[in-house]
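**Q** The following block contains a protein sequence and its predicted model.
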2 protein chains.
Amino acid sequence: MLQLLEKIRIILVNTTHPGNIGAAARAMKNMGLVELVIVAPKRYPDEEAVFRAAGAKDILHRAVVVDSVEEAIEGCGLVLGTSARERKIPWPLYDPRESAAKAKLSLMAGNKVAIMFGREDRGLTNEELQKCHFHVHIPTNEDYSSLNLGAAVQVLCYEMRMAVLADKALQKNHAVTATLLADAADVERMLVHLEQVLVDVKFLESGSSNQVMTRMRRLFLRQQLDAMEVNVLRGILKTIQRAVN
Amino acid sequence: MLQLLEKIRIILVNTTHPGNIGAAARAMKNMGLVELVIVAPKRYPDEEAVFRAAGAKDILHRAVVVDSVEEAIEGCGLVLGTSARERKIPWPLYDPRESAAKAKLSLMAGNKVAIMFGREDRGLTNEELQKCHFHVHIPTNEDYSSLNLGAAVQVLCYEMRMAVLADKALQKNHAVTATLLADAADVERMLVHLEQVLVDVKFLESGSSNQVMTRMRRLFLRQQLDAMEVNVLRGILKTIQRAVN
C-alpha cells in the first residue's frame, strides 16, 4: 500500500524561498513521497534548498522544474489545490483528512494525484485554483493563519501517509465507486475546446472574462471525469463546430 | 472548545538549533496553542528563533525556560512524549491521531496536557520517556525517519486542533458544500434537451437507443447539479440550436 504514496505529485508554484523547497522535500521523504514538481521558482537551484532538505537531497535531484501549472499537472487524474482563504466562487472544499481519504481512493483506482501549493505570501491564484478538482483547507487559528509552506506540505503528506496506512475495512465500501480518471491535461483541453464552441455559437464573446466558464469549469472538474467521458465530450464539441460552420 | 488548546503545553528538551524553537512557536500559534516551555536549550534566546517564529513572536515572549524536565511537566495531568524509535522498555504507544483523541478527553476533564519533544539528533532519553504517561510515534518512512523538530511539532499541534474541532469541522464542510440542488425534473428536461441537440448536430440519430446518452446521464446525475448550473446548460443548448438552424 505504501507504494501508493509514490504516485502523488507535490507541486510548488512560484516559491520565493529556496529553504521552503528543501523543507518540502524533507517532509515528503519523511512520509514516503518522492515526486516533486516546481513551477517557476524565484531562486532555484540554491544551496539553502539543499541545506534544508537534509537527508532528502535525492528528492531535489529528481525534482522537475517547469514553467507553468498546465505542465505541472499533466498526467494526473486528480488535482488538489491548497487554499487559505474563502473564495468568492465556492468550490468543493475539504480538510486535509477528508482530502487524503478522497485522494487515496483515486490512487487505488490507478490515478496519479497532484497536490498543489501556492506562493508563500499569496497562495494560488483563482485561475490556478480553478484547475483543481477540489480545494484543501488546513484549519488554522483565525488570528494567525499563515502557515509556513514546509509545514503545510508536512501536514498534507502526513495525512496522505495516515490515509494509506489506515485499515482496509473502510476502503472496501468506496472501492466500488473509484474509477480511472481522465488525465487533467485532457480535461483542461476539453474545457478550452468547450469555451471555443461557446464563442462559435455566440453564447460567449471571444476573450471576455466570464462567470460562465468558471461555472462550467467547476461543474466538470467536480465530476472527476473518466477518459471515455472526455472523449465523448470532445466528439460532441467537434460535431457542434462542424454543424455551426 | 478551542480554548482547550490553550491548556496544552509544548515542551522542547535540549533543543540545539534556535531556528527550530521559532518554527515550533509558529506551528503552535497557527494551530491555536500558546504555552511553550523550553528545557535547557543550547542557544536561546537567539535572533534565528525570532526570525523563524515570524508572526508568532508573542509565543516566544511568554515562553518559559527551565533547567529540567521535572520543572517543565509541573502542573500537567497528562504527559505525552514523542518517540521516533522502538524502545527496549515497552510503553503505551499511539500515533498522533490516537494521542490527540486521548489528550482531548483529558483536557475536557480539566487537565493540563504536556507534549514533550526531544533533541534533534537523539530524541528523548529513556529516563525522560519514562516520565510520560504514553508515547507518541509519528509514522514515517522507515528509510528516512528523522523528522524535523518543527515539523513534528506541527503534526502534533495539527492533530490536537483537529481533535478539538472534530464536531465543528463536519458542520462547516456541510455548510460550504451544501447548495440548493436543481429540481430532478429540471435536470431531466435538460437531458432531453441535450439529446435533441445531439440529434440536431447529427452526433446522434433520432430515436436510436444509445450508449452516449447513458454516459451523459450518468455524468450529469453523478454530480448533483444546482439550479443555476441547469439554467446555464439550458441556455447553452438553446444557443447551439439557434446557431445550427
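**A** Structure received.
**Q** Summarise which helices and strands the helix or strand where A:Q154 lies is packed against.
**A** With secondary structure defined by DSSP states H and E, A:Q154 is part of helix A:149-165. Helix A:149-165 is packed against strand A:8-13, helix A:18-31, helix A:96-108, strand A:113-117, helix B:18-31, helix B:149-177, with contacts defined by 3 or more Cβ pairs under 8 Å, 6 or more residues apart in numbering or on different chains; DSSP states H and E. For every residue, glycine as well, the C-beta is placed using N, CA and C.
**Q** The helix or strand hosting A:E188: what's the following helix or strand?
**A** Here A:E188, judged by DSSP H and E, is contained in helix A:184-200. Using DSSP H and E, the next helix or strand after helix A:184-200 towards the C-terminus is helix A:211-222.
**Q** Against A:R218, how distant is the closest residue to A:E74 other than its chain neighbours?
**A** Of all residues not flanking A:E74 in the chain, A:A185 sits nearest, at 4.3 Å (Cβ to Cβ, 6 or more residues apart in numbering or on different chains). To A:R218, A:A185 is 18 Å away according to Cβ to Cβ, to the nearest Å.
**Q** Looking at these two, which one has more neighbours?
**A** Between A:A185 and A:R218, counting by other Cβ atoms under 10 Å in any protein chain shown, A:R218 is the more crowded of the two (20 against 16).
**Q** ok, the residue nearest to the more buried one when sequence neighbours are not counted - how many residues close by?
**A** The shortest distance from A:R218 to any non-neighbouring residue, by Cβ to Cβ, 6+ apart, is to A:W91 (6.0 Å). By the other Cβ under 10 Å criterion, the neighbourhood of A:W91 contains 21 residues.
**Q** can you check A:A114 too?
**A** Counted with other Cβ under 10 Å, residues neighbouring A:A114 total 27.
**Q** what do you get for the one 10 residues further on?
**A** Neighbour count of A:L124, defined by other Cβ under 10 Å: 23.
**Q** residues in contact with it?
**A** Listed by Cβ atoms under 8 Å, 6 or more residues apart in numbering or on different chains, the contact set of A:L124 reads A:V13, A:G81, A:T82, A:S83, A:M116, A:F117, A:G118.
**Q** before we move on, what about A:E47?
**A** For A:E47, the contacting residues are A:P18, taking Cβ under 8 Å, 6+ apart as the criterion.
**Q** Quick check: pLDDT value at it.
**A** According to the prediction, A:E47 has pLDDT 97.
**Q** could I have stretch A:107-124 exported to CSV, CA atoms only?
**A** Output of stretch A:107-124 as CSV, limited to C-alpha atoms (Å, rounded to 0.1, in the frame of the first residue of the first chain):
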residue,chain,number,x,y,z
LEU,A,107,-4.8,6.4,-6.1
MET,A,108,-6.2,2.9,-5.5
ALA,A,109,-8.1,3.2,-8.8
GLY,A,110,-4.7,3.7,-10.6
ASN,A,111,-4.7,7.5,-10.9
LYS,A,112,-1.8,9.9,-10.2
VAL,A,113,-2.8,12.6,-7.8
ALA,A,114,-1.3,16.1,-7.7
ILE,A,115,-1.3,18.3,-4.6
MET,A,116,-0.6,21.9,-5.4
PHE,A,117,0.8,24.6,-3.1
GLY,A,118,0.9,28.3,-3.8
ARG,A,119,3.2,31.2,-3.1
GLU,A,120,4.3,31.9,0.5
ASP,A,121,2.5,35.3,0.6
ARG,A,122,-0.5,34.9,-1.7
GLY,A,123,-1.1,31.2,-2.2
LEU,A,124,-2.6,30.0,-5.5
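**Q** buried ones in that stretch?
**A** Using 16 or more other Cβ atoms under 10 Å in any protein chain shown as the test for burial, stretch A:107-124 gives A:107-109, A:111-120, A:123-124.
**Q** Now do the same contact list for the closest residue to A:L181 other than its chain neighbours.
**A** Taking Cβ to Cβ, 6+ apart, and ignoring the residues beside it in sequence, A:L181 has A:G77 as its nearest neighbour in space, at 3.2 Å. With contacts defined as Cβ under 8 Å, 6+ apart, the neighbours of A:G77 are A:S106, A:N111, A:K112, A:V113, A:L180, A:L181, A:A182, A:D183, A:A184, A:Q224.
**Q** got a pLDDT number for the fourth one?
**A** If I follow you right, that is A:V113. The per-residue pLDDT reported for A:V113 equals 95.
**Q** Likewise for A:V176?
**A** In this model, A:V176 carries a pLDDT of 38.
**Q** Pull out the buried positions in stretch A:76-85.
**A** Taking 16+ other Cβ under 10 Å as the neighbour-count basis, stretch A:76-85 is seen to contain the buried residues A:C76, A:G77, A:L78, A:V79, A:L80, A:G81, A:T82, A:S83, A:A84.
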